[in-house]
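*Asks:* pasting the sequence and the predicted coordinates here, then a few questions.
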Amino acid sequence: MMRGRYKVFLSLAFAALSHAAWAGWLDDRFTRDGDPLPFSFAYGGQTFSGAFPANWKSERIADDSNPKQLRRTLRWSDPDTGLEVQCDAVLHRGFDAVEWVIRFANTGNVETPVLEDIRAADFAWDAGGPSRSALYYAEGSHERITDFQPMQKSLEDGPPIVFTPFGGRPSDGVLPFFNVAAPPRGFIVALGWTGQWTLGIGCAAGQVRVQAGLEKARFKLRPHETVRMPSVLVLSWIGDDRMAGQNVFRRLLLERYVPQYGGAPVQPLMAASPHAAVAFEKTTEANMIEAIGNIAAHRLPVDYFWIDAGWFASPGNNWARGVGNLEPDPIRFPNGLKPVADAAHASGMKFLLWFEPERVMPGTYLFEQHPDWLLKPPSGMPEALQYQFNDQFHLLDLGRAETAAWLTETVSNTIASVGIDAYRNDFNMYPSFYWRGNEPPERQGIKEIEYVQGLYGYFDSLRQWHPQLLLDTCASGGRRIDLEMIKRALILTRSDYLWDPTGQQCHTYGLAQWLPITGIGAAETDRYKCRSGYGSHFAFAIDYYSKDEALWDSARATLEECRMLAPLFRKDFYTLTPYSTKNDVWMAWQFHDPENKKGLIQAFRRQDCTDTVLRCVLHGLDPNSVYGVTNLDTRETVQISASILLGEGFAIALEQKPAAAIFTYEIGKPQGL
């Protein structure tokens, strides 16, 4: 076979699969020889379908040391060109779920032929007949009230539906999670790529086909170069409706994906932000320590003291102009940030600090000292993004090994010397336009791949060097939500559309269908607004210098209530009303703990709603039991049969508007006992 003259396609067989076959189908792709693989790519000039060429060397490695996560490594190598293809798969026992990631390596001494048409996912599923499947997904984050809005499309014969985010941040516009439902079964596919992915879902004769990968990738590999592709997670489910799949997905993420500390998922957290009273550029050592002292004196149950942007030198009193400076402003923080962190620790709190290391502005330290590490803003950016060119936003090139190593060491030293407990990584840029600037035709996609690999290495090194460090990813809100980021970090700010209670309700309604850990907080102590921002984490941005004792009492009660409820926010999620951004309706949902047979109901009567009563039909209860339902405002508990709660439903009455109600429930004795 001549060098550079062949093309490889590893494609999935389209034979119909029963659910029993489907449940183990993905496992078989990685555990049995001869089964077609769920990915594809093109390489060179000839076409091969269903398997690698016979002359390619292959090996299969199994690691069953962890009974919950069986690992498989499949490797193929081309003796003619030196290309090595590796597939690393994790089979999640206890869930019908498999994750895999593909890597390409050039083991030779000359560049490879062109790799293109790379599909990190390429597989089909039998929907059981035409027009039976529906696709469920969600908008991403774009600083709108409709962020994370639930979306649905029917899957019918025709061209595939294609999704891709905007500008290189993986959840800018659409979440990279999709649920294909044909009850009583379905599957969810989730992508892990903190860059510009693409996914197409099409249907033909009852077959649903999924293809996903990088939006733009066509390249030759240089000698000894290795690149990775997006990770792909596929989970199959059985249930009466698609929420069965959503909740299995939430459980899988909570148990196997979110960051672990001490062998358990990261704990719920309550944070105090001083920025309702102190602007970013006005923070000082003195006023931050004063706020910490006030919080401690008023016994607020706060886990973290949170300083956001602007602690560095900010030209023109504009924090955004100072991004690229990694040292505290010597005027406002003459002793650095350590005295602030020490004060937080002495008061029983941890210290959270904001960084935005990837954006570099003119006149800052990185701009002046390391211009060769920066990617310049391209001139051909869309009109809406032209400000990034005009203001000369530069991108720190994490795909450059020297750059990534320097950043990792510099930030790690700051974490250690200051005593930072939580590292917040913001990113207010559209990187795909930078990655693609001036790429050669036969290196398209490489800059993005190198950058994303460098980003993962940076996050992983910080956690490796500081095992108890909490990582938070923010990108103009929640625009960096994907499977790989979920493994590494929390999303403490899911959207920059902040503090509007209707918006916060809508965001929880949409995002909680996918993520087991979400929340936001509030900027006032108003009960309706606070309860609209409840979740597994809660950031309170109020006036910590206030002399009003009523404010402190209200803040304490809010934090205590949210902390009590926080573990339930990670349990199964069910919507109890339709989604709506209108202010003349109710919105309600339920979190249910099936193991401990308890849960909570949140209901919101919005400001223009004329209905005083909402009746909710609950989910997940034991139909033969009685539940004690407690109103958290009146503390009254009533015993209600599950048959009523699951049938005619539970009536919630609120005379005032806007108003928020919370009910908790717990199973009592089974009926007849």
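*Replies:* Perfect, I can see it now. Numbering: from 1, shown residues only.
*Asks:* can you tell me the closest non-neighbouring residue to Asn287?
*Replies:* Of all residues not flanking Asn287 in the chain, Val278 sits nearest, at 5.8 Å (C-beta to C-beta, 6 or more residues apart in numbering). Heads up, the C-betas are built off the backbone N, CA and C, glycines and all.
*Asks:* likewise for Ile289?
*Replies:* Closest to Ile289 by C-beta to C-beta, 6+ apart is Ala343, at 4.6 Å.
*Asks:* does the one you found touch Gly293 like I think?
*Replies:* Yes: the pair Ala343 / Gly293 is scored as a contact, 7.2 Å apart, by C-beta atoms under 8 Å.
*Asks:* mind jotting down where the helices sit in the chain?
*Replies:* Along the chain, the segments classed as helices by DSSP state H run 19-31, 242-252, 285-297, 338-346, 365-369, 386-390, 401-418, 432-435, 446-465, 483-488, 501-511, 527-532, 549-565, 642-646.
*Asks:* which residue ranges of the stretch 551-673 of the chain form strands?
*Replies:* 572-575, 586-593, 598-605, 613-616, 625-631, 637-641, 650-653, 659-670 (DSSP state E, counting those that start in this stretch).
*Asks:* ok, and the closest non-adjacent residue to the residue positioned nearest the centre of the chain?
*Replies:* When C-alpha atoms, centre = their mean is applied to the chain, the residue found nearest the centroid is Ile481 (3.0 Å). In space, and not counting its chain neighbours, Ile481 is closest to Ser171: 3.9 Å by C-beta to C-beta, 6+ apart.
*Asks:* wait, the one you found sits on Ser476?
*Replies:* No: in this structure Ser171 lies outside contact range of Ser476 using C-beta under 8 Å: 10.6 Å.
*Asks:* Thr612: how many residues sit nearby?
*Replies:* 14 (other C-beta atoms under 10 Å).
*Asks:* ok, it touching Ala651?
*Replies:* No: in this structure Thr612 lies outside contact range of Ala651 using C-beta under 8 Å: 10.3 Å.
*Asks:* hey, what's the closest residue to Lys153 other than its chain neighbours bridged with?
*Replies:* With sequence-adjacent residues excluded and distances taken as C-beta to C-beta, 6+ apart, Lys153 is closest to Leu135, at 4.8 Å. Counting by DSSP bridges, Leu135 forms beta bridges with Lys153, Val180.
*Asks:* quick one: pLDDT of Leu135?
*Replies:* For Leu135, the model assigns a pLDDT of 96.
*Asks:* from what I can see it touches Asn179, true?
*Replies:* Yes: using C-beta under 8 Å, Leu135 makes contact with Asn179 at a distance of 7.3 Å.
*Asks:* so between the two, which is more surrounded?
*Replies:* Asn179 (25 against 20).
*Asks:* from Phe177, how far off is the nearest residue to that one once chain neighbours are set aside?
*Replies:* Counting by C-beta to C-beta, 6+ apart, Asn179 lies nearest to Tyr136, which is 4.2 Å off, once chain neighbours are set aside. Separation of Tyr136 from Phe177 (C-beta to C-beta, to the nearest Å): 9 Å.
*Asks:* same question, Pro377
*Replies:* In terms of C-beta to C-beta, Pro377 sits 31 Å off from Phe177.
*Asks:* residues in contact with Leu191?
*Replies:* The contact partners of Leu191, taken as C-beta atoms under 8 Å, 6 or more residues apart in numbering, are 120-121, 170, 176-177, 197, 199, 212, 230-233, 482-483.
*Asks:* just give the nearest non-adjacent residue to it, would you?
*Replies:* For Leu191, ignoring the flanking residues on the chain, the nearest one in space by C-beta to C-beta, 6+ apart is Pro176 at 4.0 Å.
*Asks:* doesn't Leu600 make contact with Leu618?
*Replies:* No: using C-beta under 8 Å, Leu618 makes no contact with Leu600, being 10.8 Å away.
*Asks:* what residues do these two have in common as contacts?
*Replies:* Common neighbours of Leu618 and Leu600, counting by C-beta under 8 Å, 6+ apart, are Gln590.
*Asks:* which residue is the nearest non-sequential neighbour of Asn428?
*Replies:* Ser476 (5.1 Å).
*Asks:* check contacts around that neighbour.
*Replies:* Neighbours of Ser476 in contact, by C-beta under 8 Å, 6+ apart: Ser141, Glu143, Arg169, Asp172, Asp426, Phe427, Asn428, Asp496.
*Asks:* for the last one, give me phi and psi.
*Replies:* I take that to be Asp496. phi -80, psi 0 (degrees, to the nearest 10).
*Asks:* do you know how far it is from Trp56?
*Replies:* Distance from Asp496 to Trp56, by C-beta to C-beta: 49 Å.
*Asks:* hmm, back to that, tell me, how many residues neighbour the residue nearest to Asn287?
*Replies:* Neighbours of Val278 (other C-beta under 10 Å): 20.
*Asks:* could we number from 278 for the rest of this?
*Replies:* Sounds good: first residue 278 from here, last item Val555.
*Asks:* Ala800 and Phe815 touch, don't they?
*Replies:* No: the pair Ala800 / Phe815 is not scored as a contact, 11.8 Å apart, by C-beta under 8 Å.
*Asks:* so for the two, which sits in the more crowded spot?
*Replies:* More crowded of Ala800 and Phe815, by other C-beta under 10 Å: Phe815, with 27 against 18.
*Asks:* which residues touch the more buried one?
*Replies:* Shown in contact with Phe815 (C-beta under 8 Å, 6+ apart): Leu546, Met547, Ala548, Gly796, Ile797, Gly798, Ala799, Leu836, Cys839, Ala843.
*Asks:* mind giving me CSV with the residues you listed and columns for neighbour count?
*Replies:* What follows is these, written out as CSV (neighbours: other C-beta atoms under 10 Å):
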residue, neighbour count
Leu546, 24
Met547, 22
Ala548, 22
Gly796, 26
Ile797, 26
Gly798, 28
Ala799, 27
Leu836, 20
Cys839, 25
Ala843, 20
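*Asks:* if we can go back for a sec, higher neighbour count, Tyr413 and Phe454?
*Replies:* Neighbours per residue (other C-beta under 10 Å) separate Tyr413 from Phe454, with Phe454 holding more: 25 against 21.
*Asks:* distance check, that one against Gln665.
*Replies:* Computed as C-beta to C-beta, the Phe454 to Gln665 distance reads 28 Å.
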